[in-house]
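Visitor: Predicted structure and sequence below. I'll ask about it afterward.
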Amino acid sequence: MRVLTVVGARPQFVKAAPVSRVLRERHEEAIVHTGQHYDDALSGAFFRELGLAEPDVQLGVGSGDAGPRLAAMIRGVETAIRARRPDAVVVYGDTDSTLAGALAARECGVRLAHVEAGLRSGDLGMPEEINRIATDHVADLLLCPTETSAANLRAERARGRIVLTGDVMLDVCLAAAEPARRLGVAAQHGVAPGRYYAATIHRASNVEDASRLAGIAATLDSLDLPVLLACHPRTSEALKGRAFSNLRLLPPLPHAEMLSLVADARALVTDSGGLQKEAFFLGVPCVTLRDETEWLETVASGWNRLAGTDPARIRAAVAAIAVPSAPPDLGVYGDGHAARRIVDALEA
């Protein structure tokens with residue numbers, strides 16, 4: 001079987017790595033990297049750390065206006081499909097690269113598999129929500145991380161075959177958690193385990209609105225413990241020149257170092273979807289800087305609180321942080337063998 005994998009952003013590299021390893025044991029895989037994330041700290045470093053094979057095709061689309069960038073991705077993936085004639089195209093998650101891969105596969109008449117299918121936040125103002133819905137409704141194979149996501153697709157009468165695989169990010173986290181803890185990233189930044197908050201801010205709605213970002217940053221700076229903020233490059237640029245007393249800006253961290261930072265934190269404060277789950281997997285409370293989440297299981301279990309971006313709500317959510325009496329039920333996200341189930345489903 002010949003598979004063309006389309007990736008372009010940091011979370012997709014993490015998800016694709018375990019699937020790629022299993023695929024290459026049995027089949028042929030070519031990787032197309034759209035270049036949506038192109039900085040070495042967000043791209044090349046992740047390929048090296050995760051053992052993901054170097055891309056066979058580099059589109060190098062980079063940043064820019066959304067429409068022309070998406071069009072360039074679609075053209076590039078179409079060209080790769082016609083040149084390599086795969087049996088299936090595999091896309092991950094909900095980025096513009098996901099949608100570009102999906103539309104190119106449909107245009108070329110190649111079967112499409114969507115890993116992390118069926119997620120819904122209910123917020124059609126999020127570009128990610130549009131991307132995932134559109135991808136789900138053109139995909140032939142819908143690979144679902146949770147029963148909730150599978151139920152969403154059944155309710156929407158999605159045309160593709162629905163397969164519950166578990167969450168491939170759990171595969172990665174289970175393998176990487178203990179080595180990551182041994183890195184001691186918190187100590188490298190002069191803070192003790194449990195005596196700081198880890199944080200990330202990267203969503204366009206939070207970073208590109210200057211007043212909203214300023215309010216979030218000021219709120220984090222006012223918390224009762226130091227806050228270590230691992231910055232996306234555009235977050236660093238937006239906060240350049242600002243002085244903080246309690247908020248410490250870190251560069252983008254490799255995956256293992258980010259896991260280490262989260263694992264030893266009092267709590268995580270983030271607008272990232274993937275990190276909400278990783279905090280849950282690690283048994284670390286999370287405060288999410290959004291009004292909704294795709295990962296309803298983390299909220300229902302008490303490990304995640306939705307705080308939006310209002311400073312008063314953020315402070316209240318952080319003040320209310322408590323470790324739930326019941327440990328996180330990882331079983332709602334599978335058993336750590338999602339990658340093999342994904343490949344099995346592709347073969348079927």
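Guide: Structure's in. What do you need?

Visitor: Now do the buried residues in the helix or strand bottoming out on mean pLDDT in the chain.
Guide: Ranked by mean pLDDT, DSSP states H and E, the weakest helix or strand in the chain is helix 44-50, scoring a mean of 75. Across helix 44-50, burial judged by 16 or more other C-beta atoms under 10 Å covers 45, 46, 47, 49, 50. (C-beta placed from N, C-alpha, C; glycine too.)

Visitor: what's that helix packed up against?
Guide: Applying 3 or more C-beta pairs under 8 Å, 6 or more residues apart in numbering; DSSP states H and E, one finds that helix 44-50 makes contact with helix 10-26, helix 255-263.

Visitor: who does the helix or strand just after that helix pair up with?
Guide: Counting by DSSP states H and E, the next helix or strand C-terminal to helix 44-50 is strand 57-58. If you go by DSSP bridges, strand 57-58 pairs up with strand 28-33 (parallel).

Visitor: now the angle between helix 10-26 and the partner strand, please.
Guide: 160 degrees (axes from the mean of the first three to the mean of the last three C-alpha atoms, to 10 degrees).

Visitor: And the contacts of strand 28-33?
Guide: The list of residues contacting strand 28-33 from outside it, by C-beta atoms under 8 Å, 6 or more residues apart in numbering, reads 1-8, 16, 20, 23, 43, 52-59, 76-77, 80, 84, 86, 101.

Visitor: Which pLDDT value goes with residue 41?
Guide: Residue 41 is assigned 53 on the pLDDT scale.

Visitor: So for stretch 172-191, first residue to last residue, what's the gap.
Guide: This stretch, stretch 172-191, spans 26 Å end to end (C-alpha to C-alpha, to the nearest Å).

Visitor: Identify each buried residue in that stretch, please.
Guide: Those would be 172, 173, 176, 177, 180, 181, 183, 185, 186, 191, for stretch 172-191 by 16+ other C-beta under 10 Å.

Visitor: do stretch 269-284 as well
Guide: For stretch 269-284, by 16+ other C-beta under 10 Å, it's 269-282, 284.

Visitor: what are the ranges of the helices in the stretch 151-300 of the chain?
Guide: 168-181, 185-188, 204-207, 210-221, 233-239, 255-263, 273-282, 296-300 (DSSP state H, counting those that start in this stretch).

Visitor: Output the contacting helices and strands for the fifth one.
Guide: Looking back up the chat, that one is helix 233-239. Using 3+ C-beta pairs under 8 Å, 6+ apart: helix 233-239 touches helix 204-207, helix 210-221.

Visitor: Now residue 91: phi and psi?
Guide: phi -120, psi 160 (degrees, to the nearest 10).

Visitor: Tell me who's in contact with residue 105.
Guide: 77, 81, 89, 91, 111, 112, 138.

Visitor: got a pLDDT number for the fifth one?
Guide: Residue 111 carries a pLDDT score of 98 in this model.

Visitor: Can you list the low-confidence ranges for the stretch 151-300 of the chain?
Guide: Nowhere does the stretch 151-300 of the chain drop to pLDDT under 70.

Visitor: same question but for the stretch 1-150 of the chain, I mixed them up
Guide: Applying pLDDT under 70 to the stretch 1-150 of the chain picks out residues 37-44, 46.

Visitor: distance between stretch 256-263 and the chain's centre?
Guide: Chain-centre distance of stretch 256-263: 15 Å, with C-alpha atoms, centre = their mean, to the nearest Å.

Visitor: Relative to residue 278, how far out is the closest residue to residue 307 other than its chain neighbours?
Guide: Using C-beta to C-beta, 6 or more residues apart in numbering and skipping the chain neighbours, the partner closest in space to residue 307 is residue 317 (3.9 Å). As judged by C-beta to C-beta, to the nearest Å, residue 317 and residue 278 stand 19 Å apart.

Visitor: which residues are contacting the longest helix along the chain?
Guide: In the chain, assigned by DSSP state H, the helix with the most residues is helix 66-84. Identification of contacts with helix 66-84 by C-beta under 8 Å, 6+ apart yields 2, 4, 6, 8, 30, 32, 34, 36, 56-57, 59, 61-63, 89, 96-97, 99-101, 103-105, 107-108, 110, 127.

Visitor: coming back round to it: and the next helix or strand past the helix or strand harbouring the residue nearest to residue 307?
Guide: Here residue 317 is covered by helix 311-319, with elements defined by DSSP H and E. Under the assignment DSSP H and E, the closest C-terminal helix or strand after helix 311-319 is helix 338-347.

Visitor: Let me see the mean pLDDT of that next one.
Guide: Average pLDDT, helix 338-347: 98.

Visitor: And it, what does it pack against?
Guide: Under the contact rule (3+ C-beta pairs under 8 Å, 6+ apart), helix 338-347 is packed against helix 10-26, strand 111-115, strand 141-144, strand 161-164, helix 168-181.

Visitor: quick one, what contacts residue 172?
Guide: Here residue 172 is in contact with 14, 15, 17, 18, 50, 255 (C-beta under 8 Å, 6+ apart).

Visitor: residues contacting the second one?
Guide: It stands for residue 15. Neighbour list for residue 15: 92, 93, 115, 116, 168, 169, 172 [criterion: C-beta under 8 Å, 6+ apart].

Visitor: for residue 242, same thing?
Guide: Taking C-beta under 8 Å, 6+ apart as the criterion, residue 242 is in contact with residue 217.

Visitor: Please report the distance of the residue nearest to residue 307 from residue 220.
Guide: Distance from residue 317 to residue 220, by C-beta to C-beta: 12 Å.
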